[in-house]
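Chemist: fold the following.
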Amino acid sequence: MRIKSLVATRLKGKIWSTIILLGLCVECFTSNGQNSSIDMSLFNREWKNFLQHVQLVPADTAVSYPVIRNFELKLNNIVIVIEQNQSLNAIEKDKARRSVAYFLQEVNKNLAKNNLHLYGLDDAVVLYQKVLTTILQQKPLVPVLMPVDLHNSQLIAASVTQFKEYTVLNDVTTYKRVSSAPEFILQFLETNPEFPFADSLLLEAVLYDPMNIIYYLRKGNAALQQRIRNLNNNYIRQIVYSSNDKYATDLSLFAAQIANGLISQEDIISARAEPTGYFQLLVNTLLDPKNSMGSGFLLPLKNGIRERALAFYVNEINSLHNATDAVRFASVNGLRLQDLYFIITTCGNELYTSSYLGLYKRLVAKFNDKTADALFETLQWENFHVFIRMAANYNVLEDFLHRLSPEKMLEVLRLFINNIEEDPTTALENAMDIADSYNALCTVPKTCELIEATILENLERCVAKQHYFGIRLYGILNDLLKLVRQKEGLQQLWNVLGDYEILKHSSLENARAEITELVLFYGDEDGISSFSNFLKGYTDRSIWEVSRNKYWVSIKSLTDHPLTIYASLPLDMQQQADLTAQDSLFAYLEANDLQPAILVHRGHSYHLDKTLKRLAPSVKLAIVGSCGSYNKAISIASINPEVQVIGSKKMGSKSINDPILDMINELLSKDEDLLWPAIWNKLENQFRKDAATLTMFHEYFAPAHNLGLFVLKLYKANNRLL
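Modeler: Model prediction:
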């Protein structure tokens, strides 16, 4: 079924030419009171501003028109309800009318600052209506406000300043704002000791970092110390009780469980004597079904698992990246399946690619016919999306899913895809993950069909519920994944995004018709070896002119179409001389107004963040051949949305990186465009001579294969495909 048949038919003509709301509201505003003309003028102005804002948004009109129309109707309904409410006196009606105008004013301010997305209008007006109704009915406001997110709380608070209830709403909004940065709660309470929600903020601070509270109890503000000690909360009392214990750090992670009698201090102190025993106690306690307390009270345990996983295992595994696997992964010998799972899913940003792959290998080695299917139930679905996303990004998702029964694979994929719109903070990222997993699984037709069918089911569900944010996300996925399976569909995709199967020579040239390429090396053993191998491609002095100083080498083509490659020297990493070399090279480029169009990272994955700090908006092609560089493709795109990226999902190797770079530089020196399908075919044939090298090459992705990036671009550009 095509998405057009699911979404409301586009309005005929321009929506701003058929406004019912404005006329109705003007009548309402002019019908009562001395200030009504002021209210009408304000509303009239803000409604015109609103229409101007939505005209400027390059939106998906099949979704945005219904969004705007729905916003119009709901706002109109609010005004009608105000006018028909016989229990309101003239003053109260006047306040309510002004509130509607103020709400529209705040919506416009947020749209202008890009703080409110078009697809957030529906949630904003529904929440505003709930709050205004509660105020007018003089019902308790706090229960209505607490579920509202911070952004909408701020927007609505600014709309009801004329009501006495504004004080409560402003306090709740302040509570949400301060609790969103819990590391600053104590500082806030020192200067605002009488804040109405101080006790709730203190609980948030304790849950976020119990040890910080313990330190504060030893040397913080005396008045606030006393308030903490006097709180009538069993969890906080336990923290206070153990604050002077020499094992306070370890005990604080289990404070909620100690307070509820689920574990004793003696058991914790005994377990801490041995790292693995203590780590497993953390995992066991988190998974204990007796933990019926809210998820917030489990946060210290989750943070403790991550911190200990890093300290006990991950840091050592990463540091031993040059050692044999037997030595490198010795620290996790004897760990259980659930222990390995939490190490992987809590330390994803810190794991080197080879560390992840080694841990994944040990995790699945513990599977049997039962445990593979029971994995997520055993782990209570903790970090489920993280695990699937990492498996997709490191190209092992297909391997993992094939270890499940067909029924369980169906369940896992459905849970991964379903209901992503429910959490706006992660929805876009989850949509990108779904696209990436599709790319990883597209070799299996039945799996592709399952993913597409599940996406369509969710799209239909969002349409039925008029959830426009969900319609937008699932609509993009529905369109995108169909197109990538069709050869003619790809051209339609490139018409919207720009053609990712080609990078024109002219797009890389500077004002002098030159191309500048930057290659960054690092001073470890592998970096020195890679640099030596790299230079071997430029020994023909009839084609390349090579010069060198103490910090970098420059390689200039001797053709009619100049390409200059600047490569930093892999100087001593221990002395950070390699970074000094890069600093010197960048200073030279800046002084000579040389902006690199191509950036090449030549180093391990743990050096990649340092390279990305050098990424300039001028870069049109990023070649990041380190292990697992796919995980950084979105970070690269956030700096320059038009950048094309080449990298690896698993292991990067100079045996792949050098041939890719050599072929690109040869074509550019001949004034040829970079046609990625043709380049990839040539490389495929070249690597067929060695099966191991070919397998490694298949882990690399060309610019046209980055579906997660395409979801991001389509969403931000508000484009439609079909």
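
Chemist: how close does the spatially closest residue to I236 that is not a sequence neighbour get to F521?
Modeler: For I236, ignoring the flanking residues on the chain, the nearest one in space by Cβ to Cβ, 6 or more residues apart in numbering is V206 at 5.6 Å. For the C-beta atoms, the positions are set from N, CA and C on the backbone; glycine is no exception. According to Cβ to Cβ, to the nearest Å, V206 stands 47 Å off from F521.

Chemist: circling back to that earlier point, go ahead and confirm the residue nearest to I236 touches Y235.
Modeler: Yes: between V206 and Y235 there is a contact under Cβ atoms under 8 Å: 7.0 Å.

Chemist: which SS class is the nearest residue to L481 once chain neighbours are set aside?
Modeler: Residue nearest to L481 in three dimensions, not counting chain neighbours: Y438, with 5.4 Å by Cβ to Cβ, 6+ apart. At Y438 the chain is in helix, as set by DSSP: H, G, I helix; E, B strand; the rest coil.

Chemist: what's the burial count for E204?
Modeler: 18 (other Cβ atoms under 10 Å).

Chemist: that one: which element?
Modeler: Using DSSP states H and E, the element containing E204 is helix 198-208.

Chemist: what does that helix contact?
Modeler: 175, 178-179, 182-183, 185-186, 188-189, 192, 195, 212-213, 227-228, 231, 233, 235-236, 239, 296-297, 299-300 (Cβ atoms under 8 Å, 6 or more residues apart in numbering).

Chemist: how close does the closest residue in space to K713 that isn't next to it in sequence get to N260?
Modeler: Leaving out its chain neighbours, the residue that sits closest to K713 by Cβ to Cβ, 6+ apart is L497, at 5.7 Å. Using Cβ to Cβ, one gets 53 Å for the distance from L497 to N260.

Chemist: again with D288
Modeler: Note on D288: its distance to N260, by Cβ to Cβ, is 11 Å.

Chemist: S530 too?
Modeler: From S530 to N260 the distance is 55 Å (Cβ to Cβ).

Chemist: looking at V206 and Y235, which is more packed in?
Modeler: V206 (31 against 22).

Chemist: per-residue confidence for W680?
Modeler: Looking at W680, its pLDDT reads 93.

Chemist: got the contact list for it?
Modeler: Here W680 is in contact with A702 (criterion: Cβ under 8 Å, 6+ apart).

Chemist: so it, which state does it fall into?
Modeler: Here W680 is recorded as helix under three-state DSSP.

Chemist: list the buried residues of the helix or strand hosting N284.
Modeler: According to DSSP H and E, N284 maps onto helix 275-287. Residues T276, Y278, F279, Q280, L281, L282, V283, T285, L286 are the ones in helix 275-287 that count as buried (16 or more other Cβ atoms under 10 Å).

Chemist: surely D433 is within a helix?
Modeler: Yes: looking at D433 with three-state DSSP, it is inside a helix.

Chemist: quick check: closest non-adjacent residue to it.
Modeler: Distances taken as Cβ to Cβ, 6+ apart place R389 nearest to D433, at 4.4 Å, with adjacent residues excluded.

Chemist: quick one: secondary structure of L520?
Modeler: Quick answer, by three-state DSSP: L520 is strand.

Chemist: please list all residues in contact with it.
Modeler: Applying Cβ under 8 Å, 6+ apart, the residues near L520 are A567, S568, Q582, L599, V600, H601, R602, G603, T611, R614.

Chemist: ok, now E517?
Modeler: Contact analysis of E517 by Cβ under 8 Å, 6+ apart lists L563, T564, I565, Y566, P596, A597, I598, L599, V600, N665.

Chemist: which of these count as buried?
Modeler: Buried among the contacts of E517 by 16+ other Cβ under 10 Å: L563, T564, I565, Y566, P596, A597, I598, L599, V600, N665.

Chemist: so is I555 in a helix, a strand, or just coil?
Modeler: strand.

Chemist: and it, what pLDDT?
Modeler: Looking at I555, its pLDDT is 92.

Chemist: before we move on, what about the one 5 residues further on?
Modeler: Looking at D560, its pLDDT is 80.

Chemist: tell me which residue is most central in this protein.
Modeler: E429 (4.7 Å; Cα atoms, centre = their mean).

Chemist: that one and Y715, how far apart?
Modeler: E429 is 11 Å from Y715, by Cβ to Cβ.

Chemist: so what's the residue count around the spatially closest residue to P196 that is not a sequence neighbour?
Modeler: Excluding the flanking residues, the one nearest P196 by Cβ to Cβ, 6+ apart is D171, at 5.1 Å. Neighbourhood size, D171 [other Cβ under 10 Å]: 16.

Chemist: verify the contact between D171 and N192 for me.
Modeler: No: between D171 and N192 there is no contact under Cβ under 8 Å: 10.3 Å.

Chemist: domains for this protein, by residue range?
Modeler: 3-178, 369-499, 502-705 (automatic domain parsing).

Chemist: identify the residues contacting stretch 290-309?
Modeler: Under Cβ under 8 Å, 6+ apart, the answer for stretch 290-309 is 204, 207-210, 235, 252-257, 260, 262, 275, 278-279, 282-283, 285-286, 342-343, 346-347.

Chemist: buried residues in it?
Modeler: For stretch 290-309, by 16+ other Cβ under 10 Å, it's 291, 297-306, 308-309.

Chemist: chain center to that stretch: distance?
Modeler: 22 Å (Cα atoms, centre = their mean, to the nearest Å).

Chemist: repeat for stretch 258-275
Modeler: 36 Å.

Chemist: pull the CA atoms of it into CSV?
Modeler: Extracted C-alpha coordinates of stretch 258-275, given in CSV (Å, rounded to 0.1, in the frame of the first residue of the first chain):
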residue,chain,number,x,y,z
ILE,A,258,19.7,-2.5,51.5
ALA,A,259,16.9,-0.2,52.6
ASN,A,260,14.3,-2.7,51.3
GLY,A,261,16.0,-5.7,53.0
LEU,A,262,17.0,-7.4,49.7
ILE,A,263,20.7,-7.5,50.5
SER,A,264,23.0,-7.0,53.5
GLN,A,265,26.0,-4.7,53.8
GLU,A,266,28.1,-7.8,54.8
ASP,A,267,27.3,-9.5,51.5
ILE,A,268,28.4,-6.4,49.5
ILE,A,269,31.6,-5.9,51.5
SER,A,270,32.4,-9.6,51.1
ALA,A,271,31.9,-9.6,47.3
ARG,A,272,33.9,-6.5,46.7
ALA,A,273,37.1,-8.3,47.6
GLU,A,274,37.2,-9.9,44.2
PRO,A,275,36.3,-7.9,41.0
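
Chemist: who touches that stretch?
Modeler: Under Cβ under 8 Å, 6+ apart, the answer for stretch 258-275 is 234-235, 237-238, 242, 245, 247, 250-251, 254, 257, 277-278, 280-281, 285, 288, 290-291, 293, 308, 312.

Chemist: show me where the chain has its strands.
Modeler: 502-503, 515-521, 544-548, 552-557, 563-568, 598-602, 621-624, 644-648, 674-675, 700-701 (DSSP state E).

Chemist: partner strands of the fourth one and their direction?
Modeler: For strand 552-557, the pairing partners within the sheet under DSSP bridges are strand 544-548 (antiparallel), strand 563-568 (antiparallel).

Chemist: how about the first one: buried residues?
Modeler: Applying a neighbour-count criterion of 16+ other Cβ under 10 Å, the buried positions in strand 544-548 are W544.

Chemist: contacts for that strand, please.
Modeler: With Cβ under 8 Å, 6+ apart as the criterion, strand 544-548 contacts L535, Y538, V553, S554, I555, K556, S557, L558.

Chemist: roughly how far does the fourth one sit from L589?
Modeler: Read it as S554. Counting by Cβ to Cβ - S554 and L589 are separated by 11 Å.

Chemist: tell me what the nearest residue to L621 once chain neighbours are set aside is bridged to.
Modeler: The shortest distance from L621 to any residue other than its chain neighbours is 4.7 Å, reached at I598 (Cβ to Cβ, 6+ apart). Going by DSSP bridges, I598 is paired in beta bridges with E517, L621.
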